[in-house]
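*Asks:* Sequence first, predicted coordinates after that:
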Amino acid sequence: MTLAKRAVARKKEASIRPRSSARPDPLALLAWYDRHRRILPWRARPGEAIDPYRVWLSEIMLQQTTVKAVAPYFARFIARWPNVQSLAKAPLEDVLKGWAGLGYYARARNLHACAQAVAKTRAGKFPQTVEALRELPGVGDYTAAAIAAIAFDQPAVPVDGNVERVVARIYAVEESLPAAKPKLRALAAALMPPARYSDFAQALMDLGATICTPKTPACSLCPWNADCAAHARGEEETFPRKTPKREGQLRRGAAFVALREDGCVLLRRRPEKGLLAGMSEVPGSDWHSEMEEATMRRAAPKLIPPVPWRRLAGSVEHVFTHFPLTLSVYFAQVPRRSPPPSGMRWVRRRELPGEALPSVMRKVIAHALEEKPR
């Protein structure tokens, strides 16, 4: 049955079936959660004590990222830094290396700063209230509510994208995101039960992640389907309404991959502020909307002795949150005894996986070295 025919059938069904005018029953959602809760690496099983450190770490990692992508990073962090004190003592460079590839690197810097704040000023104990949690580095309204509710069973409802979608469909909220966010938060808070705040917060997240999905939601399995306005109208997939995103302007630049005869690659560290702050990268030009070949070549690192740079076929494409990027990649073979230019260093190829290289730089190195001898 086509989407249009399903919509017609559901509208007809809605016209003949009674629909409760009361809010959805939070106890029905909790009963569903008791049967269908997800098993996640950071989630305490029934009867286990909840570790606020694991809750905090997972929530920071999950910002703008999927559960599937986060799971291996979380496992590595917990194995290396099992508590907030050990993470606080770790060098920032090591934390950035552990984070490399997860994206949104300011989160890693805030993660380290927050761990230090909790370890030094709070004796390793996370505060329990939303207000106190908001004072920590990198902890905003959503994360504070999530930690307070999940870790400490405080009366708070964290509203992420999954929860926004559930609430927008339940009430058929016509306002578009992001303007609708305050209304969706208020509606979500009104759904809160009188107890089991931790379970309720996680139940809402699970409902959005597994049932009330962006496309083809499994409405027949939803514990709230009888009270869902969007479902009654057969228009689930049209909610939440969204204002079209304005795509950022394409930027261009150059990246220079120097491979020394002993198998080392030239790297440098990005500035401590700005995009990809403090991460490692191969030398390159600035990124602008207009970049001529001559301008890009002038950004090549000054090696001794001088070497010829060859522009490789193709380019590296990457999309950041606010703009897409196209990098032209240049390659050079360098004599074994060539010293690194000021502010740069030689790193052996086998050690590159442990470097704090963002995804775009890993793409650049792979593009340049794929066919090159080790």
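*Replies:* Okay, I see it.

*Asks:* Just give the closest residue to Trp32, not the sequence neighbours.
*Replies:* Spatial nearest neighbour of Trp32, excluding adjacent residues (CB to CB, 6 or more residues apart in numbering): Pro223 at 4.0 Å. The way it works is simple: take the backbone N, C-alpha and C, and place the C-beta from them, glycine included.

*Asks:* Does Val329 fall in a helix, a strand, or a coil region?
*Replies:* For Val329, the assignment made with DSSP: H, G, I helix; E, B strand; the rest coil gives strand.

*Asks:* Could you point out the bridge partners of it in the sheet?
*Replies:* Ala255 (DSSP bridges).

*Asks:* Double-check it against Gly253; I have them as touching.
*Replies:* No. Counting by CB atoms under 8 Å, Val329 does not reach Gly253; the two are 10.2 Å apart.

*Asks:* higher neighbour count, the two?
*Replies:* Counted by other CB atoms under 10 Å, Val329 and Gly253 do not tie: Val329 has more neighbours, with 23 against 18.

*Asks:* which residues does that one contact?
*Replies:* Going by CB atoms under 8 Å, 6 or more residues apart in numbering, Val329 touches Ala254, Ala255, Phe256, Val257, Arg311, Leu312, Gly314, Ser315, Val316, Val364, His367, Ala368.

*Asks:* That one and Leu259, how far apart?
*Replies:* As judged by CB to CB, to the nearest Å, Val329 and Leu259 stand 12 Å apart.

*Asks:* pLDDT value on Pro244, please?
*Replies:* pLDDT, Pro244: 82.

*Asks:* Give me the phi and psi for it.
*Replies:* Dihedral angles of Pro244 (phi, psi; degrees, to the nearest 10) stand at phi -60, psi 140.

*Asks:* Tell me how many other residues crowd it.
*Replies:* Per other CB under 10 Å, the neighbour tally for Pro244 reads 6.

*Asks:* is it true that Leu111 touches Gly98?
*Replies:* No. Leu111 is beyond contact range of Gly98, at 9.8 Å (criterion: CB under 8 Å).

*Asks:* my guess is Ala168 meets Leu184, correct?
*Replies:* Yes. With contact defined as CB under 8 Å, Ala168 reaches Leu184; the gap is 6.1 Å.

*Asks:* which residues are common contacts for those two?
*Replies:* In terms of CB under 8 Å, 6+ apart, Ala168 and Leu184 are both contacted by the residues Pro240.

*Asks:* out of these two, which sits in the busier spot?
*Replies:* Neighbour count, other CB under 10 Å: between Ala168 and Leu184, Ala168 has more, with 27 against 22.

*Asks:* pLDDT of stretch 252-266, averaged?
*Replies:* If you average the pLDDT over stretch 252-266, you get 96.

*Asks:* For the residue nearest to Trp32, give me its contacts.
*Replies:* Ala28, Leu29, Ala31, Trp32, Leu207.

*Asks:* now for the residues you listed, which pair is the farthest apart?
*Replies:* Greatest spatial distance in these: Ala31 and Leu207, 12.2 Å, computed using CB to CB.

*Asks:* Just want to know which of these two has more residues nearby.
*Replies:* Higher neighbour count among Ala31 and Leu207: Leu207, with 24 against 13, using other CB under 10 Å.

*Asks:* tell me the SS of that one?
*Replies:* Three-state assignment for Leu207 (three-state DSSP): helix.

*Asks:* secondary structure element for the closest residue to it other than its chain neighbours?
*Replies:* Of all residues not flanking Leu207 in the chain, Val166 sits nearest, at 5.6 Å (CB to CB, 6+ apart). Here Val166, judged by DSSP states H and E, is contained in helix 161-170.

*Asks:* For that helix, give the mean pLDDT please.
*Replies:* Here the average pLDDT along helix 161-170 is 96.

*Asks:* residues making contact with it?
*Replies:* Contacts of helix 161-170 from elsewhere in the structure, counted by CB under 8 Å, 6+ apart, are 24, 157, 159, 173, 177, 180-181, 184, 187-188, 191, 204-205, 207-209, 212, 214, 217, 224, 227-231, 236, 239-241.

*Asks:* likewise stretch 208-219?
*Replies:* Contacts of stretch 208-219 (CB under 8 Å, 6+ apart): 36, 38, 67, 160-163, 165-166, 169, 221-222, 225, 228, 231, 236-237.

*Asks:* Buried ones among the residues you listed?
*Replies:* Among the contacts of stretch 208-219, the ones that count as buried by 16 or more other CB atoms under 10 Å are Val67, Asp160, Asn162, Val163, Arg165, Val166, Arg169, Cys222, Asn225, Cys228, His231, Glu236.

*Asks:* For the protein, which residues score under the pLDDT cut-off?
*Replies:* Along the chain, the parts satisfying pLDDT under 70 run over 1-22, 371-374.
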